[in-house]
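>>> Fold the following and give me the result.
(2 chains)
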Amino acid sequence: MSGKTLYDKLWEAHVVRENEEDACLLYIDRHLIHEVTSPQAFEGLRLAGRKPRRVAANLAMPDHNIPTTNRCQGIIDPVARLQVETLDKNCEAFAIEEFRTDDPRQGIVHVVGPEQGATLPGMTVVCGDSHTSTHGALGALAHGIGTSEVEHVLATQCLIQKKSKNMCIEINGKLGAGVSAKDVVLAIIGEIGTAGGTGYAVEFTGDVIRELSIEGRMTVCNMTIEAGARAGMVAVDDKTIEYVKGRPFAPSVEVWQRAVEAWRDLHSDDNARFDKVVQIDGRAIRPQVTWGTSPEMVLSVADVVPDPQKEHDPVKRGGIERALAYMGLTAGTAITDIAIDAVFIGSCTNSRIEDLRQAAAVIRGRTIASRVKQALVVPGSGLVKQQAEAEGLHDLFTAAGFSWREPGCSMCLAMNADRLQPQERCASTSNRNFEGRQGQGGRTHLVSPAMAAAAAIAGHFVDVSVG
Amino acid sequence: MDAFVAITGIVMPLDRHNVDTDAIIPKQFLKSIKRTGFGANLFDEWRYSDHGEPSKDHSQRPLNRDFILNQARYQGATVLLVRSNFGCGSSREHAPWALLDYGFKVIVGSSFADIFYNNCFKNGILPVVLNESQIDDLFKQVIEKEAYALTVDLEKCVITGPNGANIPFEIEKFRRHCLLNGLDDIALTMEHISAIDAYEQRRRKETPWLFADDKG
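Numbering: from 1, shown residues only, chains lettered A, B, ... in the order given. Below you'll find the model as predicted:
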């Protein structure tokens, strides 16, 4: 008999009931809430005369809509303000714990969850946000849901789910200098495509994943959704347990040993069977830069912009031509010849303290290029910001010409005032390069924090693995 | 949720792979706290030639006449024909809300992103998966024939074209059952409250750290 995968174990531990048909009722341990995908769920709850089933399983905070400057003035946009106020009111009405805008613990929900120990190994974690996959880095089963499911989880603490297939992505070898977790995940997406993981739960394994810090693993799991899989995860090891220890919501001393014992089993058995296995050579991964309008349109920094004439499928060729036109790029241009107008360091992918340290290390003592009109550093949480300031990173950034901001999603999706102007080109540490994502007509190139920082200084992409 | 049994409707072809939910409904419209009214901003950046904001009166905005949604022959369409990986990206349920509000009841494509696919069923939209050659054929037929309509029958799990040819499709039993009967998921789950109670009781003992903050 074959053994179990990590996903099998997490799944089986949470099945409340198997329905007569092909769906299960799956128990949810942690529900994270933000202002954009929750108001209609709370409204639905009220209309049906229902209440949250387990108040303490929920943790809320505004992150998408809030300004990253002059917080004391409140939110100027009345529509956005109403949405944040609605979250405040809903949390108050149902006694759900919320880190409000003025709370030093507030931040991007996927940065704050692990930081607080509110997301733990062995948990099922959901949120009305596709980047919930981030929390899988702790050995949790975590994925995004829609608003109807937010309401379902609030009311029942469960979801109706069909089990996904198992995929293993194994990255072996050792990463070269200047290559980070972001480059690893972009290379994976480049390899399997944005629909490569559709229908699967992905476990990331191999030397490279084991070597990564927990924050690095979060970056990888975060972008699992960009490879089409809702959930990405990494087995628990000593690093996971060390990371969780002592965090505010972590298990108390009385039950800590029991918890650790249970977490030690959160790995795939040696003889576990995966429906699909992908192997990637970590040594071959170079710093990555996206050139198009889908995360799978990605290349090594040493490459040139692709030629649509070499694509035989007419629909795909049309896609490349449209992407090049939108991005204002010509086939054959070296990636390192692409000049940028803006830099964004932030988002649930790359706004943790290690990300900021990596960017700061590149910047140290230098200033941004004169052609770069906008350069933002947006820490992932108030506590990340405090830590960075304690280390003096903010001084390095501001001296270089960056704007040092308050925590939130910011220009990753440009729901607040932080956005690109039409045709502006941005080196961004975020996760999506879709048309208009960072502002209508804006052109996004996804890169690692070190690559973004280096591009800010040079005014164009440079290879941080060289020199 | 309204029950879905069968519909016959005009088909609109959207010939792109990887259409993401940011394209289906851009972020500035996500600030609404309602479920309705998103239809006017469906595919906003492709559909209008100016920048859209929730405060703008859409009836006064300049249209991008080249975009499929603005072409006279596809007005009143209820079936959207798409390519692969439709609905990728953000989990925003505003995407199916916008499609439904505009009038789409069925989306036929070669593949859908997981979260979007799931969100469709919660709103009474039927996403139908066919293979790529079937999708290719449908694109050819739709473009050749004005007012091309399909009948989509969920009861029989069959799509029928104007020439009478039947294309069977597959769908998970539970999803089909819920859609055919317009069932509310929450009410269905509430029938199993005792199973949830029992699960919680067992887990409180086995994994007490997951229930540490509960007040009761």
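>>> pLDDT weak spots in the chain?
Assuming you mean chain A. Applying pLDDT under 70 to chain A flags residues A:20, A:467.
>>> wrong one, I was asking about chain B
Checking chain B against pLDDT under 70 turns up B:215-216.
>>> again, only this time at 90
Scanning chain B for pLDDT under 90 picks out B:1-2, B:163, B:184, B:212-216.
>>> ranges for the strands of it?
Per DSSP state E, chain B carries strands over the ranges B:6-13, B:79-81, B:106-109, B:126-129, B:149-153, B:158-160, B:166-168.
>>> Adjacent strands (with direction) for the second one?
Listed by DSSP bridges, the sheet partners of strand B:79-81 and their directions read strand B:6-13 (parallel), strand B:106-109 (parallel).
>>> Same question for the fourth one.
Listed by DSSP bridges, the sheet partners of strand B:126-129 and their directions read strand B:106-109 (parallel).
>>> How far off centre is the partner strand?
8 Å (Cα atoms, centre = their mean, to the nearest Å).
>>> Just the C-alphas of it, formatted as CSV.
Below are the C-alpha coordinates for strand B:106-109, written out as CSV (Å, rounded to 0.1, in the frame of the first residue of the first chain):
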residue,chain,number,x,y,z
VAL,B,106,-23.2,29.7,-19.4
ILE,B,107,-19.4,29.9,-20.1
VAL,B,108,-18.0,27.3,-22.5
GLY,B,109,-14.2,26.9,-22.6
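>>> contact partners of it?
Outside of strand B:106-109, the residues within contact range by Cβ atoms under 8 Å, 6 or more residues apart in numbering or on different chains are B:7, B:9, B:11, B:78-84, B:86, B:99, B:120, B:125-130, B:135, B:138, B:150, B:152, B:159. C-beta here means a position set from N, CA and C on the backbone, and glycine is covered the same way.
>>> circling back to that earlier point, between the strands paired with strand B:79-81, which one is nearest to A:Arg264?
strand B:106-109 (43.3 Å; Cβ to Cβ).
>>> got a list of what B:Ser59 touches?
Per Cβ under 8 Å, 6+ apart, neighbours of B:Ser59: none.
>>> can you tell me how far it sits from B:Tyr48?
From B:Ser59 across to B:Tyr48, the span is 11 Å (Cβ to Cβ, to the nearest Å).
>>> what is the nearest residue to A:Arg286 once chain neighbours are set aside paired to in the beta sheet?
Once flanking residues are discounted, A:Arg286 sits nearest to A:Ser300: 3.9 Å by Cβ to Cβ, 6 or more residues apart in numbering or on different chains. Applying DSSP bridges to A:Ser300 yields these beta-bridge partners: A:Gln288.
>>> In contact with A:Ser300, which residues are there?
The contact partners of A:Ser300, taken as Cβ under 8 Å, 6+ apart, are A:286-289, A:335.
>>> Pull the contacting residues for A:His213.
Heads up, residue A:213 is Ser, not His. A:Ser213 neighbours (Cβ under 8 Å, 6+ apart): A:239, A:354.
>>> just to revisit the earlier point, kindly reformat the strands paired with strand B:79-81 as TSV and extend each row with distance to A:Met327.
Output for these, formatted as TSV (distance: least, Cβ to Cβ, whole Å):
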stretch	distance to A:Met327
strand B:6-13	25
strand B:106-109	25
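>>> Make CSV from these and add mean neighbour count to it.
Listed next are the strands paired with strand B:79-81 as CSV, based on neighbours: other Cβ atoms under 10 Å in any protein chain shown:
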stretch, mean neighbour count
strand B:6-13, 19
strand B:106-109, 24
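>>> quick one: the helices in chain B?
Using DSSP state H, the helices of chain B run over B:21-24, B:44-47, B:94-102, B:114-121, B:132-144, B:173-181, B:185-190, B:193-206.
>>> Show me which residues of the stretch 201-350 of chain A sit near chain B.
Contacts of the stretch 201-350 of chain A with chain B, taken as Cβ under 8 Å from any Cβ of the partner chain, map to A:225, A:228-230, A:249-252, A:255-256, A:258-259, A:262, A:294, A:296, A:315-316, A:318-319, A:322.
>>> Please narrow the residues you listed to those residing in helices.
Under the assignment DSSP H, these contribute A:255-256, A:258-259, A:262, A:315-316, A:318-319, A:322 to helices.
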